[in-house]
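A.B. asks: Test case, fold it:
(one chain, ligands or ions: 2)
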Amino acid sequence: MAAVPTDRHARTVVLPLLAVAAATLLLAPCPAAAETSAERGYRLLLTLPLVPPTLTEAEYFDLWQVWPEPQRAAAAAAPPAERRRMLLERYGFQETPDRPGPIPQQFTPDGKGNLSENCLSCHGGPVGGKVIRGLGNSLIDLATFYEDVAALRAERGIPAVPWPEGVPPAPESPVRGPNNAWGGAIALLLLRDGNADRTDTLQFPAPTPEQMFLPTKTPAFWLSKRKTRYYADAFIGKSHRDIMQFIASFAYSGEQIRALEEPFRDIYAWINAVEAPPYPGPVDPALVQRGRLVYLRDCVACHGIADSYPERVIPVAEVGTDPVRATDMPRDFKLHLGEGWFGENGATPLYPDTGGYVAQPLDGVWATAPYLHNGSVPTMWDLLTPSERPKIWSRSDAGYDLARLGVEATAHAEMPADLTDPAERRRYYRTDLRGFGNQGHAYPPAGLPDADKRALIEFLKTL
Ligand code: HEC
Ligand code: HEC
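C.D. replies: Ligands and ions are numbered 1, 2, ... in the order given. This is a model prediction of the structure:
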């Protein structure tokens, strides 16, 4: 393979079409006996609304009407298919071959014209322009989406649903990709008692504004099967119950949440059945062999290999990556989650004080860029070259950099001064923002010669 160029644009290619199982037709009624629990789980994600409606289908397709110019005029003039594409692009949504039609995989329709945001809003994403089942969505921009929904409704005189009194706000992320799912979950759990019933009194002390903003990248679901514990700091044992916290909408009764337990057993089965996607390009076998030796020397102790996964949690002070996610999540939230219904009343193991980050399995790591728990490093080459990681960067939506292994990114010396549309500003990753630092993970500490980096990257493609 050719040398990795110093110019990060030079060898970017768009990935070849990944094989997509032709027309899985998940909407077609399946004979119950033929469907496994995991298959049912994935079908349910796309067909069963798990939260109250987020917006109507008509509202979704009208969102362009509140865009700033010139995007609004361009959308107004565009044919319907092109306008659909513009909607997907603005919010980081995708249509999926698994559910043909114009509704993005991020939403589940109820058949009455309403759309409910689903788990795939963050947990369904593309690489190189192709949707991969179970990949975290590194393009998602929920801040822009919710701002546009609010603007459209304001224009139409539809009153906003009030945020419950006493619950601190959970801001959306100012950068695409990493999201504040935790701020949302913490807000929801503040008003759920130990039986998952809705209350009006805070169930643990109100977190500070800092504790309500814990930007995190969405991990790939295919890592789940290797793990015994979930989340970047591995604070709780994995179970179908603890992922139900994400549907504990303020509008739901406890009964409505508990009634969804059976579907969640299937969804959990699917999450643990998802397979890592094989690398779609050619690899150089001799270089892979060399890279394997580098991996066995410098990486395997923490990340493991194949079925031998040590699930090590490395203290923040040692790994040195951005500390916010590991240190600022309210301990009271973790205890409340673990002790209540979502933690099977204490039966799910809880590790509230890990103070570090788990070294993920690296299966399918070619597809999970940008890297680290906050998605701050666009390529593997950058990860292996700490002193040269870009401080401000933007990326293309569909380009993939096969040489550096990661997203096709451009480094910037500073934020462009003339960007007024917040949606455009969110396309710039700014590592100076709290929670978005790109430091740390300098392994091996002395660094690797470029030839070793190239070999290691070739090996990582095969995981
Ligand atoms: C707003 C975005 C968002 C939505 C919606 C969302 N998640 Fe997540 N999810 C995340 C993020 C971000 C993480 C990583 C959190 C961390 O590591 O601390 C995560 C982590 C997880 C994990 C743990 C994975 C691991 O390897 O540690 C599971 C399982 C999961 N989510 C399931 C779900 C399910 C099921 C739903 C739907 C009910 C859902 N999520 C909805 C963003 C989201
Ligand atoms: C001392 C333990 C340790 C060693 C050695 C180590 N890592 Fe890591 N690695 C971690 C931890 C902990 C994280 C999570 C850090 C974070 O996300 O903030 C991580 C994260 C990563 C990620 C990010 C995964 C993703 O999808 O975002 C990659 C890629 C990675 N490591 C590759 C490597 C490679 C390649 C090597 C060998 C050169 C290596 N690591 C050596 C502990 C280690």
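
A.B. asks: Could I get the phi/psi values of the residue of the chain positioned farthest from its centre?
C.D. replies: Farthest-out residue of the chain from its mean C-alpha position, per C-alpha atoms, centre = their mean: A286, at 33.9 Å. Main-chain torsions, A286, degrees, to the nearest 10: phi -70, psi -40.

A.B. asks: Can you show me the strands along the stretch 201-350 of the chain?
C.D. replies: In the stretch 201-350 of the chain, the strands defined using DSSP state E, counting those that start in this stretch lie at 229-230, 236-237, 313-315.

A.B. asks: Go through these and name the closest to G346.
C.D. replies: G346 sits nearest to strand 236-237 of all the strands of the stretch 201-350 of the chain, at 11.0 Å, using C-beta to C-beta. (Glycine included, C-beta is placed from N, CA and C.)

A.B. asks: what is the rounded mean pLDDT of stretch 132-150?
C.D. replies: What stretch 132-150 shows for mean pLDDT is 98.

A.B. asks: Now that stretch: buried residues?
C.D. replies: For stretch 132-150, the neighbour count (16 or more other C-beta atoms under 10 Å) marks 132-145, 148-149 as buried.

A.B. asks: again with stretch 376-395
C.D. replies: 376-386, 389-390, 392-395.

A.B. asks: touching ligand 1 at all, that stretch?
C.D. replies: No. Using C-beta under 6 Å from any ligand atom, stretch 376-395 stays clear of ligand 1, with a minimum separation of 13.7 Å.

A.B. asks: Now do the end-to-end distance for that stretch.
C.D. replies: One end of stretch 376-395 to the other measures 12 Å (C-alpha to C-alpha, to the nearest Å).

A.B. asks: try stretch 92-101
C.D. replies: This stretch, stretch 92-101, spans 17 Å end to end (C-alpha to C-alpha).

A.B. asks: What mean pLDDT does it get?
C.D. replies: Stretch 92-101 carries an average pLDDT of 96.

A.B. asks: just stretch 42-59 next, same as before
C.D. replies: Mean predicted confidence for stretch 42-59 is 97.

A.B. asks: Tell me which residues of that stretch come out buried.
C.D. replies: Buried residues in stretch 42-59, counted by 16+ other C-beta under 10 Å: 42-46, 48-55, 57, 59.

A.B. asks: Throw the strands of the stretch 201-350 of the chain into a markdown table and include mean neighbour count, thanks.
C.D. replies: Formatted as a markdown table, the strands of the stretch 201-350 of the chain follow (neighbours: other C-beta atoms under 10 Å):
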| stretch | mean neighbour count |
| --- | --- |
| strand 229-230 | 19 |
| strand 236-237 | 20 |
| strand 313-315 | 17 |
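
A.B. asks: and ligand 1, which of these is closest to it?
C.D. replies: The closest of the strands of the stretch 201-350 of the chain to ligand 1 is strand 229-230. By C-beta to the nearest ligand atom, the value is 3.9 Å.

A.B. asks: Who are the packing partners of that closest one?
C.D. replies: Helices and strands touching strand 229-230, by 3 or more C-beta pairs under 8 Å, 6 or more residues apart in numbering; DSSP states H and E, are strand 236-237.

A.B. asks: Quickly check: the strand it packs on near ligand 1 or not.
C.D. replies: No. Strand 236-237 is not in contact with ligand 1 by C-beta under 6 Å from any ligand atom; minimum separation 9.3 Å.

A.B. asks: what about that strand, distance to the chain center?
C.D. replies: 19 Å (C-alpha atoms, centre = their mean, to the nearest Å).

A.B. asks: Residues in contact with that strand: which ones?
C.D. replies: Strand 236-237 has contacts (C-beta atoms under 8 Å, 6 or more residues apart in numbering) with 228-230, 242, 334, 337-338, 343, 348-351.

A.B. asks: Quick check: mean pLDDT of it?
C.D. replies: Averaging pLDDT along strand 236-237 gives 98.

A.B. asks: before we move on, back to that, what about the buried residues of stretch 42-59, which are in strands?
C.D. replies: Taking DSSP state E, the ones among the buried residues of stretch 42-59 that sit in strands are L55.

A.B. asks: ok, the buried residues of stretch 42-59 vs A248, which is closest?
C.D. replies: Comparing the buried residues of stretch 42-59 against A248 with C-beta to C-beta places V51 closest, at 9.0 Å.

A.B. asks: how much space between the closest one and L337?
C.D. replies: 18 Å (C-beta to C-beta, to the nearest Å).

A.B. asks: try F145
C.D. replies: Distance from F145 to L337, by C-beta to C-beta: 27 Å.

A.B. asks: do P70 as well
C.D. replies: 46 Å.

A.B. asks: which of those two has more neighbours?
C.D. replies: L337 (24 against 8; other C-beta atoms under 10 Å).

A.B. asks: Contact partners for the more buried one?
C.D. replies: Residues in contact with L337 (C-beta under 8 Å, 6+ apart) are 189, 236, 242, 245, 343, 350.

A.B. asks: if we take those residues, which one ends up nearest to ligand 2?
C.D. replies: Proximity of those to ligand 2 (C-beta to the nearest ligand atom) peaks at I236, which lies at 17.2 Å.

A.B. asks: Mind listing residues that contact the strand of greatest length in the chain?
C.D. replies: If you go by DSSP E, the chain has its longest strand at strand 392-401. Strand 392-401 is contacted from outside by 8, 11-15, 89, 92, 126-129, 139, 370, 378-379, 406-415, 427-431, using C-beta under 8 Å, 6+ apart.

A.B. asks: So which of the residues you listed are in helices?
C.D. replies: E89 (DSSP state H).

A.B. asks: coming back round to it: now do the longest strand of the chain, average pLDDT.
C.D. replies: 97.

A.B. asks: what does stretch 188-208 give?
C.D. replies: In this model, stretch 188-208 has an average pLDDT of 98.

A.B. asks: Residue numbers of the stretch 301-450 of the chain in contact with ligand 2?
C.D. replies: Contact residues (C-beta under 6 Å from any ligand atom) of the stretch 301-450 of the chain with ligand 2: 301-303, 314, 319, 321, 357, 359-360, 362, 365, 368, 371-373, 383, 441, 443.

A.B. asks: List buried members of those residues by neighbour count.
C.D. replies: Here, 16+ other C-beta under 10 Å leaves 302-303, 314, 319, 321, 357, 359-360, 362, 365, 368, 371-373, 383, 441, 443 buried among these.

A.B. asks: among those, which are in strands?
C.D. replies: Per DSSP E, strands hold the following members of these: 314, 357.

A.B. asks: Pass me the low-pLDDT residue ranges in the stretch 351-463 of the chain, would you?
C.D. replies: Within the stretch 351-463 of the chain, no range satisfies pLDDT under 70.

A.B. asks: Not counting sequence-adjacent ones, nearest residue to the residue of it at minimum distance from ligand 1?
C.D. replies: As assessed by C-beta to the nearest ligand atom, ligand 1 sits closest to H373 within the stretch 351-463 of the chain, at 6.2 Å. Of all residues not flanking H373 in the chain, A232 sits nearest, at 4.1 Å (C-beta to C-beta, 6 or more residues apart in numbering).
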